[in-house]
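Undergrad: give me a 3D structure for the following:
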Amino acid sequence: MQLRLEQLSAHLDRPLSPLYLLHGDEPLLVIEAADAIRQAARRQGFTQREVIVAGNHFRWDDLFLAAGNLSLFGETKLIDLRIPSGKPGREGSEALQRYIKTINAETVTLITLPELDWQARKATWVTALSQAGVAIECNAPPLARLPQWLAERLARQKQSASPEGLAFLATHVEGNLLAAHQEIQKLGLIYPAGKIALADIETAVLNVARYDISDLRDALKARDTVRAVRTLEGLEAEGAAPPLVLWALATEARTAKNRPALMQAAKIDRLIKGLVTGNLWDEFLQLALRLTRPATRPGPGTSARMAIKPAH
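TA: All right, here's what the predicted structure looks like:
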């Protein structure tokens, strides 16, 4: 059967299924789900554990031997099978389909895979494993749900943050849940239980960076073009995370209610996500120039929008 990742904790309070299949695009979530299953197995008396990595030239008979090689003292066993490629091949596919017919109450089998493409999802062996046990897809939350995911992680360590703080964190760690996990743990070590202020989150995140996004924000607020350009060049040289640079620029654009700048920020967002092509750091530079251009007062008969010339 298929089980949602958020249902796993409650599921593990009941007697374990004889087989679990984990796969997904987020290694951190796969690792955490596998750890939770292993801990539940120990609690329920599966004291033996055998790890099997099905790499190149793996002998699938070893899987059957591991399952059949139980202790003389009647101890139950967890078979921890890992298929790094996610493709067992014809021999492995046939072996796995035979294997599920041999599973019994003395063993729990945990199979971990990487992300499965649409063809692999429809493979006979994947369908057979899912029907024989519990299949869980461990994918990273979409950006829209990432702040909620971060809030849930903070709540585990009795902390919380404002929507602005969660949005800052989400922008900084988008596409890298391992980094998100590390940042959450760091906040737990630095600050006590309770609500963490946005300024404290910014300090904790930015202090570990070689680059300083706060310098860029200060330059934008002061309309200091030279400093903004110099800071951007330094950020590029040091490999600054583009989403974090965009966050600083877009925040200033929203504060200034600069619609042309917000439109350019939206274009850069699409560029970062690979939806359009272009030179990312040139776009950052143009946006910074737009935001630091001295404000001009529209002349008679000239609208405020016409007074702001687009950057080229």
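
Undergrad: okay, now the unreliable bits of this structure?
TA: Under the criterion pLDDT under 70, the flagged ranges of the chain are 70-74, 206-211, 295-312.

Undergrad: mind checking how far the helix or strand containing L271 is from the chain centre?
TA: Assigned by DSSP states H and E, L271 belongs to helix 259-272. From the chain centre to the centre of helix 259-272 is a distance of 23 Å (Cα atoms, centre = their mean, to the nearest Å).

Undergrad: what comes up buried for that helix?
TA: Residues of helix 259-272 classed as buried by neighbour count (16 or more other Cβ atoms under 10 Å): P260, A261, L262, Q264, A265, K267, I268, L271, I272. For the C-beta atoms, the positions are set from N, CA and C on the backbone; glycine is no exception.

Undergrad: now the angle between helix 259-272 and the following helix or strand past that helix, please.
TA: Downstream of helix 259-272, the next assigned helix or strand under DSSP H and E is helix 280-292. On the basis of axes from the mean of the first three to the mean of the last three Cα atoms, to 10 degrees, helix 280-292 is oriented at 170 degrees to helix 259-272.

Undergrad: can you redo the buried residues of helix 259-272 as CSV with distance to V226?
TA: Converted to CSV, the buried residues of helix 259-272 look like this (distance: Cβ to Cβ, whole Å):
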residue, distance to V226
P260, 22
A261, 19
L262, 24
Q264, 20
A265, 22
K267, 25
I268, 22
L271, 25
I272, 26
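
Undergrad: and the two most separated of these?
TA: P260 and I272 (19.1 Å; Cβ to Cβ).

Undergrad: quick check, nearest of the buried residues of helix 259-272 to A180?
TA: I272 (17.3 Å).

Undergrad: ok, the nearest residue to that closest one once chain neighbours are set aside - contacts?
TA: Nearest residue to I272 in three dimensions, chain neighbours excluded: P242, at 5.0 Å (Cβ to Cβ, 6 or more residues apart in numbering). Contact analysis of P242 by Cβ atoms under 8 Å, 6 or more residues apart in numbering lists I272, L280, F284.

Undergrad: also K87?
TA: Neighbours of K87 in contact, by Cβ under 8 Å, 6+ apart: A120.

Undergrad: now the helix ranked longest in the chain: buried residues?
TA: Longest helix of the chain, by residue count under DSSP state H: helix 27-43. Residues L28, L29, V30, E32, A33, A34, I37, R38, A40, A41 are the ones in helix 27-43 that count as buried (16+ other Cβ under 10 Å).

Undergrad: past that helix, which element shows up next along the chain?
TA: strand 48-53.

Undergrad: that next one pairs with which strands?
TA: strand 77-82 (parallel) (DSSP bridges).

Undergrad: next, the buried residues of the strand it pairs with.
TA: Buried residues in strand 77-82 (16+ other Cβ under 10 Å): K77, L78, I79, D80, L81, R82.

Undergrad: now distance to L110 too, for the residues you listed, in JSON lines please.
TA: Compiled in JSON lines, the buried residues of strand 77-82 are given as follows (distance: Cβ to Cβ, whole Å):
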{"residue": "K77", "distance to L110": "11"}
{"residue": "L78", "distance to L110": "6"}
{"residue": "I79", "distance to L110": "7"}
{"residue": "D80", "distance to L110": "5"}
{"residue": "L81", "distance to L110": "7"}
{"residue": "R82", "distance to L110": "9"}
